[in-house]
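**Q** Below are the sequence and a predicted model for it; my questions follow.
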Amino acid sequence: MKVGIDGVLLGVWSPIGDAKNILDIGTGTGLIALMLAQRSSAMVTAIDIDQDVVYQAGENVLNSPWKDRVAVQRSSLQEFTANESTTFDLIVSNPPYFVNSLKNLDKNRTTARHTDSLTHEELINDSLKLLSTAGRLCIILPVNEGMQCVDFAQSKELFCTKQVKVFPKPGAVNKRLLLEFGFTKADTVVSELVIETEERHHYSTEFSALAKDFYLKL
């Protein structure tokens, strides 16, 4: 699986604070879990429903300096929630985001990109059960799906505390939203982040400052 910019963004942006337990839902290659382990001293649990990517994530963890703090397991979020007694100070997810759209013939790609196996409503509902009292849920989604998620979460008394509008380059359309949710109702802090300059593969000062610890050349 390729490393996507969405995962990198979520991994560098999600607030660590003094988190002791972190959950990465739909870990894929384990990228976000490893980034959060690098940024913290927390124990990180990473789950995914696809056996192949769980195997790949497990290999990546074993070959990392954080193998003692990252545990990868094959599980759907629904199964995990039903059997888990631990609460988490931070939950992150780069969730599936296509709803009722044409499926890809590649089953693994479909699972990763479509909400059939994990709806955004399920993500919110299960996160409510897994979050500690002061815990945070951080996700990245396309704009329309993100705003729908904000509305649904608020109806469940999980409030959007931070929203970052992500632009691929100056003057481009806002493609993604980074969203932070918590149990305390407060005004949403809204900001913007531009990924690249006008020149392709040349990153903005803001993105470079966020991600410099995770790129060999930036």
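**A** Yes, it's here.
**Q** now the helices: where do they sit in this structure?
**A** For the chain, helices defined by DSSP state H occupy the ranges 5-13, 31-39, 51-62, 77-83, 107-113, 120-130, 143-155, 205-211.
**Q** got the ones you listed as JSON lines, with distance to Pro170 columns?
**A** Any C-beta I mention is one placed from the backbone N, CA and C, and that applies to glycine too. Converted to JSON lines, the helices of the chain look like this (distance: least, C-beta to C-beta, whole Å):
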{"stretch": "helix 5-13", "distance to Pro170": "16"}
{"stretch": "helix 31-39", "distance to Pro170": "26"}
{"stretch": "helix 51-62", "distance to Pro170": "34"}
{"stretch": "helix 77-83", "distance to Pro170": "37"}
{"stretch": "helix 107-113", "distance to Pro170": "27"}
{"stretch": "helix 120-130", "distance to Pro170": "30"}
{"stretch": "helix 143-155", "distance to Pro170": "18"}
{"stretch": "helix 205-211", "distance to Pro170": "11"}
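**Q** What lies in contact with the top strand by length along the chain?
**A** Longest strand of the chain, by residue count under DSSP state E: strand 131-142. Residues from elsewhere that reach strand 131-142 (C-beta atoms under 8 Å, 6 or more residues apart in numbering): 6, 9-10, 13-15, 17, 21, 87-95, 97, 120, 123-124, 127, 146, 149, 153, 158, 161, 166, 175-183.
**Q** Please check the residues you listed and keep the buried ones.
**A** Buried subset of the contacts of strand 131-142 (neighbour count, 16 or more other C-beta atoms under 10 Å): 6, 9-10, 13-14, 21, 88-95, 97, 120, 123-124, 127, 146, 149, 153, 158, 161, 166, 176-183.
**Q** Please consider this matter closed, and thank you.
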